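Q: Pasting a predicted model and its sequence here:
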Amino acid sequence: MFSIIDSTKTNMQLIKLDATDSTNAHLRRLLLSKAPEDYTVVTARQQEQGRGQMGTIWQSEVGKNLTFSVLRRNLKLPVSHSFALNLCVSLAVHGVLKQYKVPDVSIKWPNDILSGRSKICGILIENILTGSTIHTSIIGIGLNVNQLTFKELQNVSSLQLLLGKTFDLDVLLQRIVNELKQVFLRLGKKDEAHLWDAYENVLFRKGKPSTFENKEGGRFIGVIKGVSRSGRLTVELENAVLKNFDLKEVKLLY
């Protein structure tokens with residue numbers, strides 16, 4: 001079961017599903033069968049195969065949280081600048097949560113949203129290329145909103161647990177999409193340098209000695225200095241040596 005809400009009332013075409021495998025997958029199928037407009041949003045009460053970064057599973061109680069995907073079309077963004085999408089999406093979610101006065105909100109590289117040390121939002125961006133240019137992007141967002149228990153998951157929280165009240169999912173969705181549009185407008189106006197500054201200013205553990213794990217399972221201490229323009233994490237190691245890591249090379253353990 002689903003319903004389509006016209007964009008003239010919500011400033012977006014909103015497709016609301018009771019259940020789907022994943023909202024990203026639903027949007028991909030939609031692209032094969034028709035030409036959905038820019039900022040089409042698919043949201044579901046239940047995702048049966050919701051995914052996070054690196055193939056992880058996104059767990060969400062039915063009807064309690066926001067699980068949705070946003071379509072961006074005609075981006076014409078060079079693949080070399082693809083991390084700008086992470087900037088835009090994570091800053092949009094971060095900005096809305098700050099408006100709601102969620103405490104100690106930060107962005108854990110590349111685009112998890114934390115309150116303190118607890119994860120409250122995950123983002124999965126999938127791009128469709130034309131040559132060396134990103135033409136279309138499907139932006140998946142999972143935000144823990146009204147869920148109160150998280151079985152066997154550590155360092156996870158929700159807006160209701162943090163702020164002690166229930167949230168209207170539709171209102172929250174509209175605010176995030178509106179903020180997303182505003183941040184993308186800044187990117188379109190070549191304001192990328194300011195977006196980088198804003199992102200690095202709220203980067204989790206920046207400037208603090210932290211423990212990392214490499215792909216072989218070895219652990220080391222380093223200090224996050226920032227993120228390179230290609231989206232790699234810049235870490236200062238012993239003897240002030242700077243090294244860049246991509247997502248598959250290193251894991252921040254706190």
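A: All right, it came through fine. Residues are numbered from 1 along each chain as shown.

Q: what's near enough to touch Lys98?
A: Val105 (C-beta atoms under 8 Å, 6 or more residues apart in numbering). Yep, even glycine has a C-beta here, placed from its N, CA and C like the rest.

Q: Next up, phi/psi of it, please.
A: phi -60, psi -40 (degrees, to the nearest 10).

Q: Show me where the stretch 101-250 of the chain has its strands.
A: Ranges of strands in the stretch 101-250 of the chain, per DSSP state E, counting those that start in this stretch, are 105-108, 112-115, 118-130, 133-143, 209-214, 219-227, 233-236, 242-245, 250-252.

Q: I'd guessed Gly122 sits against Gly142; true?
A: Yes: using C-beta atoms under 8 Å, Gly122 is in contact with Gly142, at 4.9 Å.

Q: picking that back up, now for the strands of the stretch 101-250 of the chain, which one comes closest to Leu163?
A: Leu163 lies closest, by C-beta to C-beta, to one member of the strands of the stretch 101-250 of the chain: strand 112-115, at 9.6 Å.

Q: What strands line up against that closest one, and which way round?
A: strand 105-108 (antiparallel), strand 118-130 (antiparallel) (DSSP bridges).

Q: and Val156, what does it touch?
A: Contact analysis of Val156 by C-beta under 8 Å, 6+ apart lists Ser118, Lys119, Ile120, Asn144, Phe150.

Q: The residues you listed: which two are farthest apart?
A: So, these by C-beta to C-beta: farthest apart are Ile120 and Phe150, at 10.6 Å.

Q: which neighbours do those two share?
A: Asn144, Val156, Ser157, Ser158.

Q: Would you check that the third one makes contact with Asn146?
A: No: look at Ser157 against Asn146 with C-beta under 8 Å: they stay out of range, at 11.9 Å.

Q: To Arg29, which of the strands of the stretch 101-250 of the chain lies closest?
A: Closest among the strands of the stretch 101-250 of the chain, using C-beta to C-beta: strand 133-143, at 10.8 Å.

Q: how about the nearest residue to Leu247, chain neighbours excluded?
A: Closest residue in space to Leu247, ignoring its immediate chain neighbours: Pro110 at 6.3 Å, by C-beta to C-beta, 6 or more residues apart in numbering.

Q: for Lys76, same thing?
A: Nearest to Lys76 is Thr133, by C-beta to C-beta, 6+ apart, at 5.8 Å.

Q: Quick check: beta-bridge partners of the one you found?
A: Per DSSP bridges, the residues bridged to Thr133 are Pro78, Thr130.

Q: pLDDT value on Tyr254, please?
A: According to the prediction, Tyr254 has pLDDT 77.

Q: Count the residues that sit near it.
A: 11 (other C-beta atoms under 10 Å).

Q: list the contacts for it?
A: Arg117, Arg205, Ser210, Thr211.

Q: what are the ranges of the helices in the stretch 151-254 of the chain?
A: With helices called from DSSP state H, counting those that start in this stretch, the stretch 151-254 of the chain shows them at 159-163, 169-188, 192-201.

Q: Look up phi and psi at the closest residue to Thr211 other than its chain neighbours.
A: Distance criterion C-beta to C-beta, 6+ apart; nearest residue to Thr211, sequence neighbours excluded, is Leu253 at 4.5 Å. Backbone torsions of Leu253, given as degrees, to the nearest 10, read phi -90, psi -10.
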